[in-house]
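> output the structure for:
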Amino acid sequence: MSQASRRALLVLNAGSSGFKFSLYPITGSSWSGPQCLGNGTFTRKRDRDYLTFGRPDSEVQQDAVWPVDDAPTSHANLSRLMSWIEAQHGWDITAAVHRVVHGGDRQDAALRIDPEVMADLRALTPLAPLHQAQCLAPVAWLSERHPGLAQYACFDTAFHHTLDPLETSFGLPHSFTSQGLRRYGFHGLSYEYIASVLPQYDPRAAEGRTIVAHLGSGASLCGMINRVSRATTMGFSTLDGVLMATRPGRIDPGILLYLMREKGMSVAALERLLYHQCGLLGVSGGISGDVRELLASEACEAKAAIDLFIRSVVREIGMLAAVLGGLDALVFTGGVGEHATQVRQGILEGCRWLGLQPHRRERSGASRPSSQANAVNAWVIATNENLVMARHALRLISHPA
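Next comes the predicted model:
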């Protein structure tokens, strides 16, 4: 195989304790269906960094472990990852594409990162203070260590640029709205993937009104008409909408004023509370923010947390259905949406009024958790953000203009 045919695209989806990554060949790839070479994760647990990698056509998994060093997590892991890919597989990484949480009100499509774009994305950090820096750190490191590497950005906010002003506006003075205090929406790469495959599952819903529930440690819902985003639950930040693992979701802003005025909480303390101490973790009294652990627990606080999560999702579904003017399908995706059968069935039970009827006994791994006799269908579809990112990057590589 020639060196040109060994060129590969690295897809990076960075998080707080590591990242997910994928490899795609550049030569001979098709925008409509690039062939994935493999998927992996890089995570830090206690005093070790762990890499796992597997090919789509094989059940064999490769693993590697390194002791934690003094370098920042993303820098050390990226250095090890690049060396590992070359040593284990001989692929020449000539391009990388990154998931960037916030693209602001200008970036509605993927693009190549240059110094000007990088400066614009860094300027958006105040809009996503805990996430934007995590996304941009690998970009900066690769630019410094591999200056010849072409890098691209895909934005979690881009899919929601089709929202109309009634959905993006808060009841704030116009001067604040013009400064960017508006609803942006997130999880757009996940929603874009679901929109791309929905016709394979439900052609009628694909042309109609669909609500997609991306339920994971971070969670949101998106209402689509003809697979275009028309409403979403996350707003200005990733704190809004449904209850999450450690975030409260929709909350009366008067509570925040009370905590500052009566409890003397600082901005930093409030930020720590809202992002890390609320949600399922807080409601359960500290048992866990992980749905799997809460479902396995016999504590009444764990049940209360699950019940509140289900209720919050049901409430948001009702609000989105009102905006859409009805509903043709409900799609579950994300770690919780794809795997937590009990949670799905609870949500469907709460949405009977919309025409959804849960199966009495849903089979494990079933893609359709509702009765087939329903006017409104429910589906379970595994999302694939990395594939969406690869498609965008490979299109830009093939057609730079």
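
> start and end of stretch 80-100, how far apart?
In stretch 80-100, first residue to last residue: 22 Å (Cα to Cα, to the nearest Å).

> give me the distance between residue 350 and residue 326.
Per Cβ to Cβ, to the nearest Å, residue 350 is found 17 Å from residue 326. Every C-beta, even on glycine, is put in place using the N, C-alpha and C of the backbone.

> quick one: end-to-end length of stretch 160-173, please.
In stretch 160-173, first residue to last residue: 23 Å (Cα to Cα).

> would you say residue 154 is within a strand?
Yes. Secondary structure assignment places residue 154 in a strand (DSSP: H, G, I helix; E, B strand; the rest coil).

> now stretch 126-140, how far from the centre of its chain.
15 Å (Cα atoms, centre = their mean, to the nearest Å).

> mind listing what's buried along it?
Along stretch 126-140, these residues count as buried under the neighbour rule (16 or more other Cβ atoms under 10 Å): 127, 128, 131, 132, 134, 135, 136, 137, 138, 139.

> now, which of those residues sits nearest residue 342?
Ranked by distance to residue 342 (Cβ to Cβ), the buried residues of stretch 126-140 are led by residue 131 at 29.5 Å.

> what's the distance between the most centrally placed residue in the chain and residue 59?
Among the residues of the chain, the one closest to the centroid is residue 187, at 4.1 Å (Cα atoms, centre = their mean). Applying Cβ to Cβ, the value for residue 187 to residue 59 is 29 Å.

> pLDDT value on the residue nearest to the centre of the chain, please?
For residue 187, the model assigns a pLDDT of 96.

> what does residue 73 give?
If you check residue 73, the pLDDT there is 57.

> do residue 127 as well
Each residue has a pLDDT score; the one for residue 127 is 90.

> contacts only, for it.
102, 104, 180, 184, 236, 237 (Cβ atoms under 8 Å, 6 or more residues apart in numbering).

> give me the element the last one is part of.
For residue 237, there is no helix or strand it lies in under DSSP states H and E.

> just checking, it touches residue 130?
No. Residue 237 is beyond contact range of residue 130, at 9.3 Å (criterion: Cβ atoms under 8 Å).

> I'd assumed residue 94 was in contact with residue 10.
No. Applying Cβ under 8 Å, one finds residue 10 not in contact with residue 94, separated by 9.0 Å.

> who's more crowded, those two?
Shown here are residue 10 and residue 94; by other Cβ atoms under 10 Å, residue 10 has more neighbours (25 against 18).

> that one: what secondary structure?
From three-state DSSP, the assignment for residue 10 is strand.

> got the contact list for the residue lying closest to it once chain neighbours are set aside?
Nearest in space to residue 10, with sequence neighbours left out and distances taken as Cβ to Cβ, 6 or more residues apart in numbering, is residue 96 at 4.4 Å. By Cβ under 8 Å, 6+ apart, residue 96 lies in contact with 9, 10, 11, 12, 138, 142, 149, 150, 151, 152.

> avg pLDDT for the host helix or strand of residue 96?
Following DSSP H and E, one finds residue 96 within strand 92-100. Regarding strand 92-100, the rounded mean pLDDT is 95.

> can you name the next helix or strand after it?
Next in sequence after strand 92-100, counting helices and strands by DSSP H and E, comes strand 111-112.

> tell me which residues are up against the helix or strand following that following strand.
Sequence order places helix 115-123 as the next helix or strand after strand 111-112, per DSSP H and E. Contact with helix 115-123 is made by 100, 102-104, 106-107, 111, 113, 132, 136, 139-140, 143, 153, as judged by Cβ under 8 Å, 6+ apart.
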